[in-house]
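K.L.:
Mind looking at a prediction? Sequence and model below.
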Amino acid sequence: MRHEERDDYHGWLLGEVLLIGLLGAALALFVAYPTLRNSYELPHVRLVLDTAVMLAAGVVALLAGIRFSVDGRRLDLLLCGGFTAVAAATLAFAIVPVLGGQPLHRTEAWAGIAGRLFAAILIAAAPFSKRRTSKRGRALGEVLIAVTIVLALGWGIAHTAGDALPPLSDVVTDDPPLLLMGSLAALALLSLVAMVGFGLRFRSRRNDLDRWLCLAATLALFAQLHYVFTPLLSSQYVSQGDFLRLLSYSVLLVGVWRAIRFAEFGRAVAEERARVAREIHDGLAQYLFAVSTHASMLESGADPERTLKQLKEAAAAAQQEARFAVLALSSAGGSAPFDSALRRYVDFLTADGQLEVDLDIQDGIRLAPDEQIEVFRIVQEGLANVRKHAGAQRAEVWIGQRLGRRIVSVRDDGVGFDGTEAAAGQGLKNMRLRAKSIDGGFDLRSRPGRGTALEVVLRA
């Protein structure tokens, strides 16, 4: 374990211990002084709390489902199923039945308890699931169908049991129904399992989301413990446990939001690595391969005079390409202005006097970071083609805005070619792909004896 990771884990663990201590002390105070375990007749507040919990659980379920569709981890599948069950049970059994102002019936109340138990089982099992699923769409559909079936069965059983179930209570009694106490104790136990599971996952994997899931499970645990000591089944009253439960889902939303931000950052890092690898492969690696090939030819007894000349040319080209790559990467990374990097490239290209390049970058034109590197490479490829194949003496590069569109244009006075015959060249394919990668349009016009003009229209 690295030093930074160890400090991060120890800091989190200390915070978790302090939170458990504070929540445990508050719970002990409520247990020692029963008069503090109050319930409040606030039906509208209860409806608002249930709605907030339902929306938060739905958002978490949606995001977990998206993560599962991308990564295929069963952890996300179980989280999606669990929070879908929470959202559906809360909506069906706690919100819809009281929208007309009528009190919650016994059937819906006990069906809601059953739905919460099923959801808690899935969430508690999530941190201990380590495998991935290949058939993601099918697995997600099966879980959602299972959630629907279990909730329907829970309501059916509660409806069939009817009067056999303990009645609702609007006040805290000294002798609550045993079934209710057992259900609430089971919910607390499952929250404890989830807290330990996500804590162990964070210790071993250092995944930021696991830390927030553990924190949310801790708050949920003490919410359930408050329910144990304030056992109410009513849509008219709220207790301390309801507020802790809402706080648990609020913390969970913060954790999921952070996970999304980290995922975006990680994806950006991966894209940047892929871009750097492409730059090296498309440019420097090719010249280094040529250097290696000519060195091998010398070892095999090739003509030294001719091979050494080719080796020097390949080494010089590799050195120049390395400079070009540094300029391109620095301009895209923000450490060098795009226009100055491109001007330096043109200076390198025209240093031997074989080609004159007129570079015009319109004042005020702005390119996004991803556009800068691709435009740089398109211009580089275009001028390289002019130098190698066009037999041109002069080329013009213009980057500016025309009729509300941002345009990159490269023109030359060379021999030109039949565009239909040369359209399949690798250089042109690369430029088309680069333009497409930044949602730009690519157009090439050339006629024998009339030179060549390429134009890229950047995205709006």
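P.N.:
Nice, I can see it. Numbering: from 1, shown residues only.
K.L.:
Buried residues of the helix or strand where residue 10 lies, list them for me.
P.N.:
Using DSSP states H and E, the element containing residue 10 is helix 3-32. Neighbour counts using 16 or more other CB atoms under 10 Å place 8, 9, 12, 16, 23, 27, 30 of helix 3-32 among the buried residues. Bear in mind the C-beta positions are built from the backbone N, C-alpha and C, glycine included.
K.L.:
Take these and write them to JSON lines, including pLDDT.
P.N.:
What follows is those, written out as JSON lines (pLDDT from 0 to 100):
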{"residue": "8", "pLDDT": "73"}
{"residue": "9", "pLDDT": "79"}
{"residue": "12", "pLDDT": "85"}
{"residue": "16", "pLDDT": "90"}
{"residue": "23", "pLDDT": "90"}
{"residue": "27", "pLDDT": "87"}
{"residue": "30", "pLDDT": "82"}
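K.L.:
What is the burial count for residue 396?
P.N.:
As a burial measure, residue 396 scores 16 neighbours (other CB atoms under 10 Å).
K.L.:
about what we covered before: columns distance to residue 292 on top of the buried residues of helix 3-32, output as a markdown table?
P.N.:
Supplementary listing: the buried residues of helix 3-32 in a markdown table, determined by distance: CB to CB, whole Å:
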| residue | distance to residue 292 |
| --- | --- |
| 8 | 44 |
| 9 | 46 |
| 12 | 50 |
| 16 | 55 |
| 23 | 65 |
| 27 | 71 |
| 30 | 76 |
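K.L.:
now, among those residues, which is nearest to residue 297?
P.N.:
Comparing the buried residues of helix 3-32 against residue 297 with CB to CB places residue 8 closest, at 54.0 Å.
K.L.:
residues contacting that closest one?
P.N.:
Contacts of residue 8 were listed using CB atoms under 8 Å, 6 or more residues apart in numbering, and they are residue 206.
K.L.:
Farthest pair within the buried residues of helix 3-32?
P.N.:
By the measure CB to CB, 8 and 30 form the most distant pair in the buried residues of helix 3-32, at 33.3 Å.
K.L.:
nearest to residue 350, of the buried residues of helix 3-32?
P.N.:
Each of these was scored against residue 350 by CB to CB, and residue 8 proved nearest at 52.4 Å.
K.L.:
which SSE is the nearest residue to residue 12 once chain neighbours are set aside in?
P.N.:
Spatial nearest neighbour of residue 12, excluding adjacent residues (CB to CB, 6 or more residues apart in numbering): residue 211 at 5.6 Å. Per DSSP H and E: residue 211 is located in helix 208-229.
K.L.:
hmm, back to that, got the angle between the helix holding residue 10 and helix 208-229?
P.N.:
Between the axis of helix 3-32 and that of helix 208-229 there is an angle of 10 degrees, by axes from the mean of the first three to the mean of the last three CA atoms, to 10 degrees.
K.L.:
just to revisit the earlier point, surely the residue nearest to residue 12 touches residue 13?
P.N.:
No. With contact defined as CB atoms under 8 Å, residue 211 and residue 13 do not form a contacting pair (10.0 Å).
K.L.:
downstream neighbour of the worst-scoring helix or strand of the chain on mean pLDDT in the secondary structure list?
P.N.:
Confidence across the helices and strands of the chain bottoms out at helix 419-422, with a mean of 52, counting by mean pLDDT, DSSP states H and E. The first helix or strand that comes after helix 419-422 along the chain, using DSSP H and E, is helix 426-437.
K.L.:
Within the sheet, what are the partner strands of the helix or strand that that next one is followed by, with directions?
P.N.:
Once helix 426-437 ends, the next helix or strand along the chain (criterion: DSSP H and E) is strand 441-446. Strand 441-446 has these partner strands in its sheet, going by DSSP bridges: strand 452-457 (antiparallel).
K.L.:
and the next helix or strand after the helix holding residue 211, what's its mean pLDDT?
P.N.:
Following helix 208-229 in sequence order, the next helix or strand is strand 237-238 (DSSP H and E). The pLDDT scores in strand 237-238 average 74.
K.L.:
Tell me which stretches of the stretch 151-300 of the chain form helices.
P.N.:
Using DSSP state H, counting those that start in this stretch, the helices of the stretch 151-300 of the chain run over 178-205, 208-229, 240-279, 285-299.
K.L.:
ugh, typo on my part, it should be the stretch 1-150 of the chain
P.N.:
Taking DSSP H, counting those that start in this stretch as the criterion, the stretch 1-150 of the chain carries its helices at 3-32, 43-71, 74-90, 106-125, 136-161.
K.L.:
which of those helices sits most buried?
P.N.:
Between the helices of the stretch 1-150 of the chain, the one whose residues have the most neighbours on average, counting mean count of other CB atoms under 10 Å, is helix 74-90 (a mean of 25).
K.L.:
From the contact counts, what lies against it?
P.N.:
helix 43-71, helix 106-125, helix 136-161 (3 or more CB pairs under 8 Å, 6 or more residues apart in numbering; DSSP states H and E).
K.L.:
Would you convert those helices into CSV that also reports mean pLDDT and distance to residue 201?
P.N.:
Supplementary listing: the helices and strands packed on helix 74-90 in CSV, determined by pLDDT from 0 to 100; distance: least, CB to CB, whole Å:
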stretch, mean pLDDT, distance to residue 201
helix 43-71, 86, 15
helix 106-125, 92, 13
helix 136-161, 90, 20
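K.L.:
For residue 431, which of these is the nearest?
P.N.:
Of all those, the one in closest proximity to residue 431, counting by CB to CB, is helix 43-71 (31.2 Å).
K.L.:
Helix 136-161 and the closest one, what's the angle between them?
P.N.:
With the same axes, to 10 degrees as the basis, helix 43-71 and helix 136-161 are set at 150 degrees to each other.
K.L.:
tilt between helix 43-71 and helix 106-125?
P.N.:
If you take the same axes, to 10 degrees, helix 43-71 sits at 40 degrees to helix 106-125.
K.L.:
got the buried residues for stretch 236-247?
P.N.:
Buried residues in stretch 236-247, counting neighbours by 16+ other CB under 10 Å, are found at 236, 237, 238, 239, 240, 241, 242, 244, 245, 246.
K.L.:
hang on, residue 75 packs against residue 126?
P.N.:
Yes. Counting by CB under 8 Å, residue 126 is a contact partner of residue 75 at 5.1 Å.
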